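In: For reference, the sequence and a predicted model appear below.
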Amino acid sequence: MMGIAIAMVGIFAIIVIRTYVWQFNAKLNGLDAEAHVSWIEHVVRNGYGDGKKYPITYYYVSFQRADGSVTEARLLNPKKRLEMGTCVRIRYDPAHDHVATLMEIKD
């Protein structure tokens, strides 16, 4: 039982570290792009063991890459006040363009 708990903590740590590494790398070496919030996904996850339901919201943006192609990415650091169609400035890593870092909300 202790091994399972250690494995779950390890997997969680890897996911968190990977997310922050992508975000940090995008901020340092990423390319800027203007994007629009293309869709918002509301998901309800079940808690492990307790069975409680936890709502999670994912925000996706559509933007034009440096090569001219249009793609969509999930924001790693969204703000709660984002709505569909909101114009934002993002920074993304071309090697991992399925995720982006929110830099500024344009009004």
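Out: Thanks, I have it.
In: How many residues are close by the closest residue to Asn46 other than its chain neighbours?
Out: Spatial nearest neighbour of Asn46, chain neighbours left out: Lys53 (6.0 Å); criterion: C-beta to C-beta, 6 or more residues apart in numbering. C-beta here means a position set from N, CA and C on the backbone, and glycine is covered the same way. Lys53 has 9 neighbours, counted by other C-beta atoms under 10 Å.
In: what do you get for the one 4 residues further on?
Out: With neighbours defined by other C-beta under 10 Å, the count for Thr57 comes to 11.
In: can you pull the contacts of the residue lying closest to it once chain neighbours are set aside?
Out: Distances taken as C-beta to C-beta, 6+ apart put His42 closest to Thr57, at 5.4 Å, once the chain neighbours are dropped. Residues near His42 by C-beta atoms under 8 Å, 6 or more residues apart in numbering: Pro55, Ile56, Thr57.
In: So for Ala13, what pLDDT did the model give?
Out: With respect to pLDDT, Ala13 scores 80.
In: For the chain, which segments are assigned as helices?
Out: 2-29 (DSSP state H).
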